[in-house]
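Visitor: Structural data only, the sequence is not supplied:
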């Protein structure tokens, strides 16, 4: 039997600012990455998001980012591994106050934005993140880019790791993503995106932009709920996966 | 046998900014109130402060404040109880990531500055803080102003509570502090301050500014390590308490 | 000939967070209050908002607030007058960099949210704001609540002042607003709101909630563009004012 | 007659946090770079620093940095040129509110920390900074690293530019600084540092770490007042320059 997790970034509102269709997307995903107040989210939003996820039966994970609210955590910042490690611990702990208060275990941790992208290629940064998680709670799963250094760092830190794949992104022959600035990086054909995802999940393999067949683990699919059409795509991909015999379950039931 | 806790606010540095003589004051206190990043402190500072306290054998507590770094959490802010509750949880959790990583239990929580002062007189705010603590971990002790609503709120929330007294402050007949802006609020005579403190600890009583004898619990004495003369005072008060047969122990051994 | 200004709060987006229908509301107002980065707005948003206002022929003013992005500047903060004065100067200057770069003069300054509400009733705070403006540029008009201490403080500081009225709010016999928490504070009948506004502008008078006729200057009407129905109301009130022979002009052409 | 400016970073305190010996260093320098609230400084500090500089007869300049208080603006952040341009304008304007209120002209702008270092080697970033200054006020002088792209960008933007040199740093054959992480980057021999500085000012030339004689403009010498020994060095270098017939004057009297 095939199974896969579907994860989405949630709790990205801040104060009076609302972002995302959290209530709607929670009907379709199995894991929620909750922003922790550095690049998005605030204490009230975090508490509400944990409550919403719990009510929807969706597993909760932390989504720590760089301390850059103005840039939404999407701008590269050169922090030392020691700084990054301390930042991840802080954000993990802050979110765990809400999960603990609501009787939940924190399932996973998926770095956000620039932290995610930089850690995928920088072993010292990836190790800092993995060690932060391991020191706070060995049971937290590290969710990182498939075939990236984050996965390797998680394994070396003794964590369970989950590999994330993207339905609408092209892959290189080495199993990493084609950078967004290159042509063909994003797959706009919805049918093709869904078909590729089904294959990643069922066959553990994807066709690279250069034609090679690339093996990759597809433990979790990243989906977005920013707008109605994104939501529609999520609904479709979930329906198609289920029609193909794939069960959608939280990461903790996979790795 | 008499015993009392001595607590001090620590970890108030931020980034490149250094504040306080943390290493020095840790030799004399039994409990550390660690700033949690809202009014002071940052992730690296929090981690280092927990490490320093652990090495010194000093119990660690959280020192949550209003989100006002520019005002050092000393300015009154009108937050809803729901906001205050969420802010306290966030800060408790953030600090617990570091205590957990270093194998410590968080001993207590003492609100900082304006949050402390406002909660002492505002039952809804005090209850919000107490409930935040209770929901995160029932074992965390609430350290609040003796005879204040914070103590009452902690008891109603089912928490262990500890009453804090001040060596250098005058008291009113109702057992609360004489406001700083009134004449006589601060006791500048060191000998008198120490003698009053010894009496608070051994007799559970203090002479009010208006002459009455006022009963009060003295579970913990607030001391400061901002500068060499403050530190000298702490050294003196500790020596005198010990000479009077009072043992200095963490709050958890008192309440 | 009758004339009045219509003002609206703009530039309240921040980073990835979008707020308000700025482009749409600019078609109907004559003055824009631009957030300056403390309670809302960021450098890119400020620059864009000044550009949009200039293109629409709308006069630009500063909308300084408390340093409380998480609370959108709506929470009372107890700052000293010296702090408030320095905060207003900072925000005025920051916005003036963009108006200067685009060849505009800053027309006015209207405090935001809690700063506006507190200054309306606190002479020391109102004076601090007025002096901040006067010290930065005597030509900047202070836009404040009609009949409030802000108007008085502006006059005492030697500034031109403009009195702001609200179409949908009830007034007390002393010419100040009925607090929002009291019954009847908000006028939900659109027709009535518009009729009252026309009368405030043409007759300089409004009927208090207790029945008295209250004189008040109506130099500028506060309107909002948060959502389509708010925008519809603005369109209606403007059309009706014009039908009644009232010309909509920037504050600088009124006071 | 020889002349040179001596500049120092001032106003780096924040809220309760004190940094630097501003009052002391102001006795020895001719230009002050005032932090503008992004990486250091706050409105009260900025206002006080402008007042102190004015009283000491020291010219005031802006010292804008990245929005990274936790990292003191020393961490590289990947901002777009458009973002950097808007950030510089914001900070220039904010400081100009205080100089304007005190009847001063803003003399110059020197980017801080990571913004300074990155702009020295990145033409798009350097151009963004130069254009920000030019759009706000063409009379503001851009103070940047000698022989760097900042100087070039300032010239292309039609600004007056001033070249900054460092007494205690080694230079490469191309006239740029030896990176701090390389051996020999910092000159610890005080006498040598002073002699090199005198030669840079009087002969416009320095000996590179690889032995070549490198021409460079020495319009302004960067000095620090972080601690008593740094202050002592500043006193010495100034005395020696004056003994060598060099007059210390603000940048505006040089370029």
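Guide: Looks like it arrived, so ask away. What you see is a predicted model, and the numbers here were worked out from it, not measured in a lab. Residues are numbered from 1 along each chain as shown, chains lettered A, B, ... in the order given.
Visitor: check contacts around residue A:120.
Guide: A:126, A:144-145, A:148-150, A:176 (Cβ atoms under 8 Å, 6 or more residues apart in numbering or on different chains). In this view, the C-beta of every residue, glycine as well, is placed from N, C-alpha and C.
Visitor: Against residue A:244, how distant is the residue in chain A sticking out farthest from the centre?
Guide: Within chain A, the residue lying farthest from the chain centre (Cα atoms, centre = their mean) is residue A:211, at 26.5 Å. To residue A:244, residue A:211 is 24 Å away according to Cβ to Cβ, to the nearest Å.
Visitor: now swap in residue A:89 and tell me
Guide: As for residue A:89, its distance to residue A:244 is 39 Å (criterion: Cβ to Cβ).
Visitor: Show me which of the two is the more surrounded one.
Guide: residue A:89 (27 against 15; other Cβ atoms under 10 Å in any protein chain shown).
Visitor: from what I can see that one touches residue B:95, true?
Guide: No: between residue A:89 and residue B:95 there is no contact under Cβ atoms under 8 Å: 10.0 Å.
Visitor: And the residue of the stretch 151-255 of chain A closest to chain C?
Guide: residue A:226 (10.2 Å; Cβ to the nearest Cβ).
Visitor: How many residues are close by that residue?
Guide: Residues near residue A:226, counting by other Cβ under 10 Å: 14.
Visitor: got the contact list for it?
Guide: Applying Cβ under 8 Å, 6+ apart, the residues near residue A:226 are A:19-21.
Visitor: Quick one, which of those residues are buried?
Guide: With neighbours counted by 16 or more other Cβ atoms under 10 Å in any protein chain shown, these contain buried members at A:19-21.
Visitor: Looking at those, spot the one nearest residue B:40.
Guide: residue A:19 (29.0 Å; Cβ to Cβ).
Visitor: just to revisit the earlier point, okay if I get the buried ones among the contacts of residue A:226 as CSV plus distance to residue D:71, secondary structure and pLDDT?
Guide: Output for the buried ones among the contacts of residue A:226, formatted as CSV (distance: Cβ to Cβ, whole Å; DSSP: H, G, I helix; E, B strand; the rest coil; pLDDT from 0 to 100):
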residue, distance to residue D:71, secondary structure, pLDDT
A:19, 25, coil, 96
A:20, 28, coil, 95
A:21, 34, coil, 95
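Visitor: Distance to residue A:131 added to the contacts of residue A:226, as JSON lines?
Guide: As requested, these are exported to JSON lines (distance: Cβ to Cβ, whole Å):
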{"residue": "A:19", "distance to residue A:131": "31"}
{"residue": "A:20", "distance to residue A:131": "30"}
{"residue": "A:21", "distance to residue A:131": "35"}
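Visitor: give me the subset of those touching chain C.
Guide: residue A:19 (Cβ under 8 Å from any Cβ of the partner chain).
Visitor: any idea which of the contacts of residue A:226 is closest to chain D?
Guide: The closest of the contacts of residue A:226, once distances to chain D are taken by Cβ to the nearest Cβ, is residue A:19, at 19.6 Å.
Visitor: Residue A:42 is in contact with the closest one, correct?
Guide: No: using Cβ under 8 Å, residue A:19 is not in contact with residue A:42; the gap is 11.6 Å.
Visitor: shared neighbours of these two, which are they?
Guide: Common neighbours of residue A:19 and residue A:42 (Cβ under 8 Å, 6+ apart) are residue A:13.
Visitor: about what we covered before: joint contacts of residue A:89 and residue B:95?
Guide: Counting by Cβ under 8 Å, 6+ apart, residue A:89 and residue B:95 have no contacts in common.
Visitor: who are the neighbours of the longest helix anywhere in chain A, in terms of helices and strands?
Guide: The longest helix of chain A (DSSP state H) is helix A:81-101. Packing contacts for helix A:81-101, counted by 3 or more Cβ pairs under 8 Å, 6 or more residues apart in numbering or on different chains; DSSP states H and E, involve helix A:43-55, strand A:59-63, helix A:123-136, helix B:43-55, helix B:81-101, helix B:123-136.
Visitor: model confidence over that helix, on average?
Guide: The average pLDDT within helix A:81-101 is 98.
Visitor: which parts of that helix are buried?
Guide: A:81, A:83-101.
Visitor: now do stretch A:153-172
Guide: Quick answer for stretch A:153-172 (16+ other Cβ under 10 Å): A:153-154, A:156-157, A:159-172.
Visitor: before we move on, what about stretch A:187-206?
Guide: In stretch A:187-206, counting by 16+ other Cβ under 10 Å, buried: A:187, A:193-194, A:196-201, A:206.
Visitor: any idea of the mean pLDDT in that stretch?
Guide: For stretch A:187-206, the mean pLDDT works out to 95.
Visitor: tell me the pLDDT at residue A:52?
Guide: 98.
Visitor: wait, isn't it in contact with residue A:25?
Guide: No: Residue A:52 is beyond contact range of residue A:25, at 10.1 Å (criterion: Cβ under 8 Å).
Visitor: Compare neighbour counts for the two and give me the winner.
Guide: residue A:25 (24 against 18).
Visitor: Find me the pLDDT at the more buried one, would you?
Guide: Reading off the model, residue A:25 has pLDDT 97.
Visitor: repeat for residue A:227
Guide: pLDDT at residue A:227 comes out at 88.
Visitor: and the nearest residue to it once chain neighbours are set aside, what does it touch?
Guide: Counting by Cβ to Cβ, 6 or more residues apart in numbering or on different chains, residue A:227 lies nearest to residue A:21, which is 7.4 Å off, once chain neighbours are set aside. Neighbouring residues of residue A:21 by Cβ under 8 Å, 6+ apart: A:225-228, A:231.
Visitor: Tell me which residues touch residue A:77, please.
Guide: A:66-68, A:114, D:68, D:71, D:75-78.
Visitor: ok, what's across the strand from the nearest residue to residue A:219 once chain neighbours are set aside?
Guide: Nearest residue to residue A:219, sequence neighbours excluded (Cβ to Cβ, 6+ apart): residue A:162, at 4.0 Å. Note on residue A:162: beta-bridge partners residue A:143, judged by DSSP bridges.
Visitor: Contacts only, for residue A:162.
Guide: A:5, A:108, A:141-144, A:219-220, A:251, A:254-255.
Visitor: need the strands for chain A, in chain order.
Guide: Along chain A, the stretches classed as strands by DSSP state E are A:2-10, A:31-35, A:59-63, A:108-109, A:141-145, A:161-166, A:205-207, A:213-215, A:220-223, A:246-248.
Visitor: I'd like to know which of those strands is closest to residue D:135.
Guide: Once those are compared by Cβ to Cβ, strand A:31-35 is nearest, at 35.0 Å.
Visitor: wait, isn't residue A:35 in contact with residue A:46?
Guide: Yes: judged on Cβ under 8 Å, residue A:35 makes contact with residue A:46 at a distance of 7.5 Å.
Visitor: Now the common contact residues for these two.
Guide: Contacts common to residue A:35 and residue A:46, judged by Cβ under 8 Å, 6+ apart, are residue A:11.
Visitor: are any of the contacts of residue A:77 buried, and which?
Guide: Counted by 16+ other Cβ under 10 Å, the contacts of residue A:77 give A:66-68, A:114, D:68, D:71, D:75-77 as buried.
Visitor: Those residues of chain A touching chain C, which are they?
Guide: So chain A meets chain C at A:14-17, A:19, A:40, A:42, A:69-72 (Cβ under 8 Å from any Cβ).
Visitor: Much appreciated, bye for now.
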